[in-house]
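Participant: Make a model of this:
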Amino acid sequence: MGYLIIALILLGIVFLPGIWVKRVLQRYSIPADRYSGTGSELARHLLDANGMQSVAVEETAEGDHYDPSAKAVRLTPDKFNGRSLTALTVAAHEVGHALQDEQGYKPLRYRTNLIRATQKFEKLGAGILMISPFIGAITRVPGLGILMFLGGLMTLGTATIVHMVTLPTEFDASFNRALPMLDEHKILMKSDRKHARKLLKAAAFTYVSASLMSLLNIARWFAILRR
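Facilitator: Purely as a prediction, here's the structure:
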């Protein structure tokens, strides 16, 4: 019974943030034409207003993000071309990261370097998890498969830890950058501001929820290893 409770708690920790983020983003994607401008147009306007004409606004299929190396705000098609409250708020959040970069916000630099480092560890961890059952079966050395699995677990778990540690950077982009810009330029309808705050919180948690969901791969490989 105790193990069942622990399992349910862990599943809640993994699934609930992602479900909440997805629900909030979808909820305020309707109506789709709430504003006259698109997310990409707002991003361009806010960047130009802050003297960042050299920062590009690009469409991407790889998730909404700001790329400090390419100096580009990248938005998925529904945000790039969208006119919903979600589209505009997420666009402002990513411009918030661009503003952090422009102003030399050190936590963003640390976060970027950490994420680059963990991407290498993630690939290593995925490789370890894939081969550990086979190595254990071939060598038949007691505990070798388990040790390799634990190595993969620690490696993949690093990304989640990094996103948790750098969560204040996301909140800074949302509430110290994006929201003040939306207020200053009078972008939002008055009734939408409280909903925008909820969206900005969801935008801040996006990476955390995604990395938690990725931990399900660990459970999958653990099941294989136990067979």
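Participant: Leu114: neighbouring residues, count only.
Facilitator: 17 (other Cβ atoms under 10 Å). In this view, the C-beta of every residue, glycine as well, is placed from N, C-alpha and C.
Participant: What separation is there between Ala43 and Phe121?
Facilitator: 31 Å (Cβ to Cβ, to the nearest Å).
Participant: repeat for Ala178
Facilitator: Taken as Cβ to Cβ, the span from Ala178 to Phe121 is 30 Å.
Participant: Between the two, tell me which one has more neighbours.
Facilitator: Ala178 (28 against 16).
Participant: That one contacts Val90, doesn't it?
Facilitator: No: at 9.0 Å, Ala178 does not count as touching Val90 under the criterion of Cβ atoms under 8 Å.
Participant: any weak-confidence spans in this protein?
Facilitator: Residue ranges of the chain with pLDDT under 70: 1-4, 6-15, 122, 124-156, 211, 213-227.
Participant: Just the buried positions in stretch 182-202, please.
Facilitator: Of the residues in stretch 182-202, 182, 187-188, 192, 195-196, 199-202 count as buried by neighbour count, 16 or more other Cβ atoms under 10 Å.
Participant: ugh, wrong one, I meant stretch 34-42
Facilitator: 34-35, 38-42.
Participant: List of residues touching that stretch?
Facilitator: 45, 57, 59, 75, 79-85, 87-88, 90-92, 187, 189, 192 (Cβ atoms under 8 Å, 6 or more residues apart in numbering).
Participant: just checking, which of these belong to strands?
Facilitator: Using DSSP state E, the members of these that fall within strands are 57, 59, 75.
Participant: and Ala204, what element?
Facilitator: helix 193-214 (DSSP states H and E).
Participant: Ranking by neighbours, what's the top pick from the ones in strands among the contacts of stretch 34-42?
Facilitator: Counting neighbours by other Cβ under 10 Å, the one among the ones in strands among the contacts of stretch 34-42 with the most is Leu75, which has 26 neighbours.
Participant: what sits against it?
Facilitator: 39-40, 43, 57-60, 64, 87, 90-91, 94.
Participant: redo that, cut-off 10 Å
Facilitator: Counting by Cβ atoms under 10 Å, 6 or more residues apart in numbering, Leu75 makes contact with 38-40, 42-43, 57-60, 63-66, 81-82, 87, 90-91, 94.
Participant: now do Leu85
Facilitator: Residues near Leu85 by Cβ under 10 Å, 6+ apart: 27-31, 34-35, 188-189, 192, 195-196, 198-199.
Participant: wait, doesn't Ala178 sit right on Ala92?
Facilitator: Yes: judged on Cβ atoms under 10 Å, Ala178 makes contact with Ala92 at a distance of 4.0 Å.
Participant: Tell me the residues that contact both of these two, please.
Facilitator: 46, 99, 196, 199-200, 203.
Participant: could you measure Phe171 against His97, distance?
Facilitator: Taken as Cβ to Cβ, the span from Phe171 to His97 is 12 Å.
Participant: of the two, who's got more company?
Facilitator: For Phe171 versus His97, neighbours defined as other Cβ under 10 Å are more numerous around His97 (25 against 15).
Participant: For the chain, which segments count as strands?
Facilitator: So, for the chain - with DSSP E - the strands run 56-59, 65-67, 72-75.
Participant: tell me the most buried of those strands?
Facilitator: Compared across those, strand 72-75 shows the largest average neighbour count, a mean of 23 (mean count of other Cβ atoms under 10 Å).
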